[in-house]
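1. attaching a predicted model along with its sequence, questions to come.
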Amino acid sequence: MEQLLRQEISGVINQIQRYEAPLCTEDEGTPQYNDTNEHLFSVVDARDDDTHFIKTFNEGAVHYINGKDNTVTYCLRFICYDEYLHRFTFDDGHGNAHKSRLKDGVKVADFLVYDMSDEKVYFIVQELSRENISNKRRAGEKTAFRHIEPIV
């Protein structure tokens, strides 16, 4: 997944970037990620803790029950998608040397999560929110499809 992001990210950025930004051609390195195979764990926003965003169960914004019990769990990789896309900046010539390429109002998922086993049982587009989830479902669906479509 990380390799796919690195290969395809310029095209994704060019589709959702500000009109005044030059075409994106650079690679901003490997996206940040954390792995876990814990049965119970929580996740915090990467902006809140940019290196260890997988936490002990009930310590984060989102809580996961991984697998059916403690004997059957999945090895999950959480990629910081939002943080990765915001690394792509440009000099706008008006004193902003690191202006985000993303247009104002463009919403991106916080994490892309996938099962690292050969079976690849799960793929999750994770948006963290402190708001009422009923208000976020439709926006989450649109965000998921907008970001998956260009890399498929």
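-> Thanks, I have it. Numbering: from 1, shown residues only.
2. can you list the weak-confidence ranges in this protein?
-> 48-50, 130-152 (pLDDT under 70).
3. tally of neighbours for Thr71?
-> 7 (other C-beta atoms under 10 Å). Using the backbone N, CA and C atoms, a C-beta is placed for each residue, glycine as well.
4. I figured Phe90 hits Glu28, correct?
-> No - judged on C-beta atoms under 8 Å, Phe90 makes no contact with Glu28 at a distance of 11.8 Å.
5. now the helix ranked longest in the chain: buried residues?
-> Under DSSP state H, the helix in the chain containing the largest number of residues is helix 2-16. Across helix 2-16, burial judged by 16 or more other C-beta atoms under 10 Å covers Leu5, Ile9, Ser10, Val12, Ile13, Asn14, Ile16.
6. will you turn these into TSV that also has distance to Tyr33?
-> Rendered in TSV, the data for the buried residues of helix 2-16 read as follows (distance: C-beta to C-beta, whole Å):
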residue	distance to Tyr33
Leu5	10
Ile9	14
Ser10	20
Val12	17
Ile13	19
Asn14	24
Ile16	21
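7. between the residues you listed, which is nearest Arg77?
-> Closest approach between those and Arg77, by C-beta to C-beta: Leu5, at 11.7 Å.
8. which residue is the nearest non-sequential neighbour of the closest one?
-> Once flanking residues are discounted, Leu5 sits nearest to Pro31: 5.8 Å by C-beta to C-beta, 6 or more residues apart in numbering.
9. repeat that for Phe111.
-> The nearest residue in space to Phe111 (C-beta to C-beta, 6+ apart) is Gln126, at 4.0 Å.
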